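> A structural model of the following input is requested.
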Amino acid sequence: MSRRRDRGKLPWYGRLTEALMPLLGPADVGSPDEPPASRATRDTICPQCHQPMSLHRRERVGGKNRHYCPA
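Model (predicted):
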């Protein structure tokens, strides 16, 4: 029970962690051997021509991005 005696020496976030740990438990981060789950990419719609943005050609000109509609 040395943690109880030293509890007064912990900063506020340490005391909060000790209070919440029995209720919430540790973080569920998964196995370190598994690769992270891939996120599904969503193709956005162009606000000008309403075509998927994957069909557009994009360039970086002079520090600015430009995109060209397929239509």
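> how much space separates Pro26 from His67?
According to Cβ to Cβ, to the nearest Å, Pro26 and His67 sit 45 Å apart. C-betas here are computed from N, CA, C, even on glycine.
> more neighbours, these two?
Neighbour count, other Cβ atoms under 10 Å: between Pro26 and His67, His67 has more, with 11 against 6.
> doesn't the more buried one lie inside a strand?
Yes - the assignment for His67 by DSSP: H, G, I helix; E, B strand; the rest coil puts it in a strand.
> wouldn't it be in contact with His56 here?
Yes - using Cβ atoms under 8 Å, His67 is in contact with His56, at 4.8 Å.
> report the set of residues contacting both of those two.
Residues touching both His67 and His56 by Cβ atoms under 8 Å, 6 or more residues apart in numbering: Cys46.
> give the contact list for Cys46.
Contacts of Cys46 (Cβ under 8 Å, 6+ apart): Pro52, Met53, His56, His67, Cys69.
> per-residue pLDDT, it?
As predicted, Cys46 sits at a pLDDT of 89.
> return the distance of it relative to Ser54.
Distance, Cys46 to Ser54, using Cβ to Cβ: 10 Å.
> show me where this protein has strands.
Counting by DSSP state E, the chain has strands at residues 57-61, 64-68.
> do you know which of the ones you listed lies nearest Lys9?
Proximity to Lys9 (Cβ to Cβ) singles out strand 64-68 among the strands of the chain, at 52.7 Å.
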